[in-house]
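**Q** when you get a sec, could you give me coordinates for this:
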Amino acid sequence: MATDYFAPTGGHPGQEQLLTDRAVFTDAYAVIPKGTMRDITTSFLPFWDETRLWVLSRPLSGFAETFSQYIMEVAPGGGSDRPELDPGAEGVLFVVEGTATLTVDGTAHEMTPGGYAYLPPRSGWTLRNNSDAILRFHWIRKAFEPVDGLPLPDVIVTNETDIVPTEMPGTDGKWTTTRFVDPADLRHDMHVTVVTFQPGAVIPFAETHVMEHGLYVLAGKAVYRLNQDWVEVEAGDYMWLRAFCPQACYAGGPGLFRYLLYKDVNRHMALRPAGALSHSG
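**A** As a prediction, this is how the structure comes out:
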């Protein structure tokens, strides 16, 4: 499987450029094109050295509800010994460019493009860029939802090249999903996968379901049906889809269309605000 992933580099457009772009923000979905990821839209985090990031989604009224997603850019020698400040947060890292040294429980892991790590709450992980090149990776964060009787998930560090993609039924391999977590493992309350379409392949119906989605296009281009609109997307674009937003797509070619996909899974639907008590009467 190819590991040529798109990653933003920042910069700034010239004064001769038109203002028109493909950015869309609605109550049901958002499209954040790669052209919006410029120097002026970067953010910074406490205790991260030589690092900037683009925030793709965050919990917000009328926007993402269950997760946040960043594209991290770490210069040589940069990184963090206190990366995650929320003790209840779990995380997934996915490397798209460069080399990361991830240390968990005293064990160092070298993560190259395609590298994936699942980090449960209180993992005590650290990350450094010990190379001479820029490191860029996705960091997806979610407030972990514990279940009485289920232990925390284990740390996972792997690479997508080491995993055989799962063919979607009836597609003859034209639509596959690279799964880093066993779907039957109910300890997990989120999945992050890589979805791949051959040129011309389709999602043949408007998926409408409870899972919230974040989709970052790693490679290729497609036409996506989001709610009642058709939008064009290409490598470097990001889509957020609210729960139950209808979705389908045509892969445009000439190469593979691939995206990094987040979804929340395996938990009851909350019936009241966190911390609220039910009362009988």
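**Q** from residue 179, how far out is the closest residue to residue 151 other than its chain neighbours?
**A** Once flanking residues are discounted, residue 151 sits nearest to residue 187: 6.4 Å by C-beta to C-beta, 6 or more residues apart in numbering. Any C-beta I mention is one placed from the backbone N, CA and C, and that applies to glycine too. From residue 187 across to residue 179, the span is 15 Å (C-beta to C-beta, to the nearest Å).
**Q** next one: residue 131
**A** As for residue 131, its distance to residue 179 is 29 Å (criterion: C-beta to C-beta).
**Q** repeat that for residue 55.
**A** Plainly put, residue 55 is 26 Å away from residue 179 if you go by C-beta to C-beta.
**Q** any low-confidence regions in the protein?
**A** Within the chain, the stretches with pLDDT under 70 are 1-3, 274-281.
**Q** looking at it, which strand is longest?
**A** Assignment by DSSP state E gives strand 68-80 as the longest strand of the chain.
**Q** quick check: next helix or strand after it?
**A** strand 89-97 (DSSP states H and E).
**Q** and that following strand, which strands flank it?
**A** With DSSP bridges as the test, strand 89-97 is paired with strand 115-119 (antiparallel), strand 135-143 (antiparallel).
**Q** any idea which of these gets closest to residue 48?
**A** In terms of C-beta to C-beta, the element of these nearest to residue 48 is strand 135-143, at 10.5 Å.
**Q** so which residues make contact with that closest one?
**A** Contact with strand 135-143 is made by 7-8, 53, 66-75, 78, 84, 86, 88-100, 111, 115, 129, 189-190, 192, 214, 216, 260, 262, 264, as judged by C-beta atoms under 8 Å, 6 or more residues apart in numbering.
**Q** just the buried residues from those, in PyMOL please.
**A** Buried subset of those, written as a PyMOL selection, criterion 16 or more other C-beta atoms under 10 Å:
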select buried, resi 7+8+53+66+67+68+69+70+71+72+73+74+78+84+89+90+91+92+93+94+95+96+97+98+99+100+111+115+129+189+190+192+214+216+260+262+264
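**Q** ok so, going back, and the residue nearest to residue 151, how many residues sit next to it?
**A** Residues near residue 187, counting by other C-beta atoms under 10 Å, number 16.
**Q** what's the answer for residue 194, then?
**A** 23.
**Q** name the helix or strand for it, please.
**A** Using DSSP H and E, residue 194 falls within strand 190-197.
**Q** just checking, what packs against that strand?
**A** If you count contacts as 3 or more C-beta pairs under 8 Å, 6 or more residues apart in numbering; DSSP states H and E, strand 190-197 packs onto strand 89-97, strand 135-143, strand 175-179, strand 257-264.
**Q** redo the ones you listed as JSON lines? Include distance to residue 45.
**A** Output for the helices and strands packed on strand 190-197, formatted as JSON lines (distance: least, C-beta to C-beta, whole Å):
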{"stretch": "strand 89-97", "distance to residue 45": "13"}
{"stretch": "strand 135-143", "distance to residue 45": "10"}
{"stretch": "strand 175-179", "distance to residue 45": "28"}
{"stretch": "strand 257-264", "distance to residue 45": "20"}
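**Q** which one of these lies closest to residue 48?
**A** Smallest distance to residue 48 across these (C-beta to C-beta): 10.5 Å, for strand 135-143.
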